[in-house]
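1. Okay, sequence plus prediction incoming.
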Amino acid sequence: MPSNTGMAFVIISHLMPAAHSHLAQILLRHTKMPVLIALEAMPIEANHVYVIAPDEDLLMENYAFKVVSPRARGNKQVDLFLISLAEAMGARGIGIILSGYDGDGTEGCRQIKAKGGVTFAQDGSAEVGHMPLSAQASGCIDFVRPPKDMARELKRLARLSKKPVP
C-alpha cells in the first residue's frame, strides 16, 4: 500500500494472552507508514498502521482507541473492533478478514455492511480458512480476493473517497 492513501490500518490478530508479539517490528520493514502498538486514547490517524497488543480488546471511539485489558471474550477481538468501527465510521468503514480460526470477524462485517461500509475476505489462499469462509457464508462480503488484490481495490476506494477512510 502507498503511504499516503488517507486510510488508517488497524491489525487485529489472535495472540495468546502471554505472547510477545513482533508484528509491529515486522510490519515496519514492509511499509513507510508509522507502525504503532495501539494504546488507550491514542488518536487514530490516517496513513498509520496500528497493531493490537496481546491480551487486549481494542475498540474505536471518537477517532481514538479504547483498550480493554485483559481481553474479555476469548478470540472475538476482530468482531469487537469491527463492530466499534462500524458504529464510529458508518459508510466509511472497511473490514478485511484474513486467515484465521473460528468465525471471528463475521458479525463485525455484518455490522459494517449494515452501516453501508465495504468488506473483504481472503480467498482460498488463506492458510487457515475458517474466518474468511465464515464471513463469506454470511453473505456480507463485497470482495473475495487474495491479499495482493485487496491492496489494488483499497487504493481504488481511497481515490474515490474525498475524506480519509480508516
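-> Right, received. Where do you want to start? These numbers come from a predicted model, not from an experiment. Numbers count the residues shown, from 1 in each chain.
2. drop to CA atoms for contacts and neighbour counts, all remaining ones
-> Fine.
3. Where do the helices of this structure begin and end?
-> Ranges of helices in the chain, per DSSP state H, are 23-28, 77-89, 106-114, 130-137, 147-160.
4. In TSV: the ones you listed, plus mean pLDDT, mean neighbour count and distance to I11.
-> Below are the helices of the chain laid out as TSV (pLDDT from 0 to 100; neighbours: other CA atoms under 10 Å; distance: least, CA to CA, whole Å):
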stretch	mean pLDDT	mean neighbour count	distance to I11
helix 23-28	95	15	9
helix 77-89	97	22	9
helix 106-114	98	25	14
helix 130-137	97	21	15
helix 147-160	92	14	14
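5. how about those helices in a markdown table, adding distance to K66?
-> Formatted as a markdown table, the helices of the chain follow (distance: least, CA to CA, whole Å):
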| stretch | distance to K66 |
| --- | --- |
| helix 23-28 | 19 |
| helix 77-89 | 10 |
| helix 106-114 | 17 |
| helix 130-137 | 24 |
| helix 147-160 | 25 |
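6. show me the contacts for the residue of the chain most remote from its centre.
-> Within the chain, A18 marks the point farthest from the mean C-alpha position, 21.8 Å out by CA atoms, centre = their mean. A18 makes contact with P54, D55, according to CA atoms under 8 Å, 6 or more residues apart in numbering.
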